[in-house]
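Asks: Give me a model of this one.
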Amino acid sequence: MSIEVRNLLKMYGEQKAVNNISFKVEKGEIVGFLGPNGAGKSTTMKIITGYLQQDGGDAFVSSINVAKEPLTTKRKIGYLPEANPLYHDMYVREYLAFIAEIHKISDKKTRIENVIALTGLITESKKKIGQLSKGYKQRVGLAAALIHEPEVLILDEPTSGLDPNQIVEIREVIKQQGKSKTVLFSSHILQEVEAICDRVIIINKGEIVADDKLTNLQSRSENKHVVKVKFKELVDKNTLEKLDDVSSVQEFQPSAFTLQTSNPETVRKQILELSLRNNLNIVSLQSENQSLEEVFRSLTQISE
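Replies: Numbering: from 1, shown residues only. Reported below is the predicted structural model:
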């Protein structure tokens, strides 16, 4: 129940859409697969699912070579592509029955009802797919990906078109599925990745620029932390700029500051000492890791 790619290469003319990348995702992992538009995310996912042939390297699902045994690996995969292909003239249950028939599911009726409940489609299940909102169409695609109880889930922008309440519901579905499956999850909504994934792979211009646990990625850069402090009294910004290991200070509210630092514990200690020496009252004092958005931007920004 794993995904593995080894030295994967895909060319479009002279352009290397995927440039000799390698990674592995194990059972029970939900891994965020991130990158800017055109970075190679969807191409990589299509190769893993057997919908696209690579020009070099290998892709494996549950240790089976996708190129050599495409039908076997497709039975093990639940795939929700970014462009969710649906038959808009079919009713929801009719479409899911069609997908269940393709997978030769024995007890179709029970399984269809289960995935309809799981993905929150009960109220819309008697409608034609073409009558559904984009969010509910996305749920139908997710239900179709889950109906044969696959070992591996590959989800390309699964929360696209969902409202905030629906996003929370689908997030929980993905989390539950990740306990027993291997999940590769792509999204441009970085808050969703932070909420769902422990590990993140970032691809840029066809190459992997990061593959690590989220907490490790957030601690990478030189100015990897911020310390936020708010005083009751008026405090001069210059006073905080003189503290050791502080690279910059911003005042976001009167007497409330954000300090960039590579050593948050030292800075916190200095702030406490400063407050004691000058009889200052601290309203709040906290340190934060770099956000995933900041990590993403630093690893994928284009040099001018």
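
Asks: isn't there a strand covering T159?
Replies: No: using DSSP: H, G, I helix; E, B strand; the rest coil, the assignment for T159 is coil, not a strand.

Asks: Who are the contact partners of the nearest residue to it once chain neighbours are set aside?
Replies: Of all residues not flanking T159 in the chain, I167 sits nearest, at 4.9 Å (C-beta to C-beta, 6 or more residues apart in numbering). The way it works is simple: take the backbone N, C-alpha and C, and place the C-beta from them, glycine included. Applying C-beta atoms under 8 Å, 6 or more residues apart in numbering to I167 gives the contacts 159, 189, 192.

Asks: all helices of the stretch 201-304 of the chain, in order?
Replies: With DSSP state H, counting those that start in this stretch as the criterion, the stretch 201-304 of the chain has helices at 214-217, 237-241, 264-277, 292-300.

Asks: does the residue nearest to T159 count as helix, strand or coil?
Replies: Classified using three-state DSSP, I167 is helix.

Asks: Please report the distance of it from P36.
Replies: 21 Å (C-beta to C-beta, to the nearest Å).

Asks: What of N216?
Replies: Remark: distance between N216 and P36 (C-beta to C-beta) = 21 Å.

Asks: These two: which has the busier surroundings?
Replies: Higher neighbour count among N216 and P36: P36, with 17 against 11, using other C-beta atoms under 10 Å.

Asks: Give the buried residues for stretch 144-154.
Replies: 144-148, 150-154 (16 or more other C-beta atoms under 10 Å).

Asks: Can you list which of these are found in helices?
Replies: 144-146 (DSSP state H).

Asks: could I get these as JSON lines with pLDDT and distance to L80?
Replies: Formatted as JSON lines, those follow (pLDDT from 0 to 100; distance: C-beta to C-beta, whole Å):
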{"residue": "A144", "pLDDT": "96", "distance to L80": "8"}
{"residue": "A145", "pLDDT": "96", "distance to L80": "5"}
{"residue": "L146", "pLDDT": "96", "distance to L80": "9"}
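
Asks: Can I get these in TSV including distance to E94?
Replies: Listed next are those as TSV, based on distance: C-beta to C-beta, whole Å:
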residue	distance to E94
A144	12
A145	17
L146	17
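
Asks: A67: neighbouring residues, count only.
Replies: Using other C-beta under 10 Å, A67 has 14 other residues around it.

Asks: Name the SS class of it, please.
Replies: coil.

Asks: Quick one: the helices in the stretch 51-200 of the chain, in order.
Replies: Under DSSP H, counting those that start in this stretch, the stretch 51-200 of the chain gives helices at 70-76, 92-102, 108-118, 134-146, 164-178, 190-196.

Asks: For the fifth one, list every residue counted as buried.
Replies: Same thing as helix 164-178. Of all the residues in helix 164-178, those buried under the rule 16+ other C-beta under 10 Å are 166-167, 170-171, 173-174, 177-178.

Asks: what's the domain layout of the chain?
Replies: 3-217, 225-298 (automatic domain parsing).

Asks: How far does the longest one stretch from one end to the other?
Replies: Yep, that's domain 3-217 we're talking about. 22 Å (C-alpha to C-alpha, to the nearest Å).

Asks: With stretch 248-260 instead?
Replies: End-to-end distance (C-alpha to C-alpha), stretch 248-260: 5 Å.

Asks: Give me the mean pLDDT for that stretch.
Replies: Average pLDDT, stretch 248-260: 90.

Asks: Give me the contact list for that stretch.
Replies: In this structure, residues lying in contact with stretch 248-260 by C-beta under 8 Å, 6+ apart are 223, 225-235, 237, 240-241, 243, 246-247, 267.

Asks: Give me the ChimeraX select line for those, limited to the buried ones.
Replies: In ChimeraX, a selection of the buried entries from the contacts of stretch 248-260 looks like this (16+ other C-beta under 10 Å):
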select :225,226,227,229,230,231,235,240,243,246,267
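
Asks: tell me the contacts of the closest residue to A39 other than its chain neighbours?
Replies: In this structure, A39 finds its nearest non-sequential neighbour in I203, 4.8 Å apart by C-beta to C-beta, 6+ apart. Contact analysis of I203 by C-beta under 8 Å, 6+ apart lists 21, 33-35, 39-41, 44, 209.
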